[in-house]
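Q: give me a 3D structure for the following:
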Amino acid sequence: MSHEGIRFVSAEEAEQNAAMESKKLSPDAVTPAKVRVKKSEGTGMEIDWRDGHKSAWSFFWLRHGCPCATCHEEREASGRPPGEAKPKAATLLPMYEAPIKPLEVSPVGKYALRFKWSDGHESGIYSWEYLRRQCRCEVCKGTA
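A: Below is the predicted model of the structure:
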């Protein structure tokens, strides 16, 4: 019997998951009316939701907020929130790294997007619900 895909969570994470589940979003809140991936501009992605809300993410945030199990577990172990890059080792002469950008963006059914990133990563499936819950606007972050 295979146990692939099974992930054990701490009691704290189970509580957080239960709290998030209790905050159900309406179907219109997680259904995009319009999606703009600004690949040629290199700036990021914007979604206009059917409930009238608008969300936007930079490509930097999207790559470092990847929801795949590997990225999620690494962020969780280091205590970083989604969208925050892992700290780099301090060096005397830091090497220039080109910004990570999407090479391809493709729909996954009617519920998500998948990005193929320039750093070779492509296992994250960004569901509409995940993206809406990760909205970076002032209202959603509670700063408005």
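Q: please tell me how far Ser106 sits from Leu131.
A: Using CB to CB, to the nearest Å, Ser106 is found at 15 Å from Leu131. The way it works is simple: take the backbone N, C-alpha and C, and place the C-beta from them, glycine included.
Q: which parts of the protein are helices?
A: Assigned by DSSP state H, the chain shows helices spanning 11-22, 59-64, 69-78, 128-133, 138-141.
Q: could I get those as a markdown table with mean neighbour count, mean pLDDT and distance to Pro94?
A: Formatted as a markdown table, the helices of the chain follow (neighbours: other CB atoms under 10 Å; pLDDT from 0 to 100; distance: least, CB to CB, whole Å):
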| stretch | mean neighbour count | mean pLDDT | distance to Pro94 |
| --- | --- | --- | --- |
| helix 11-22 | 10 | 61 | 34 |
| helix 59-64 | 20 | 97 | 17 |
| helix 69-78 | 13 | 94 | 20 |
| helix 128-133 | 18 | 96 | 32 |
| helix 138-141 | 10 | 87 | 30 |
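Q: export those as a markdown table, with columns for distance to Lys39.
A: Shown next, in a markdown table, are these (distance: least, CB to CB, whole Å):
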| stretch | distance to Lys39 |
| --- | --- |
| helix 11-22 | 30 |
| helix 59-64 | 9 |
| helix 69-78 | 21 |
| helix 128-133 | 16 |
| helix 138-141 | 24 |
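Q: what's the closest non-adjacent residue to Met45?
A: Val37 (4.8 Å; CB to CB, 6 or more residues apart in numbering).
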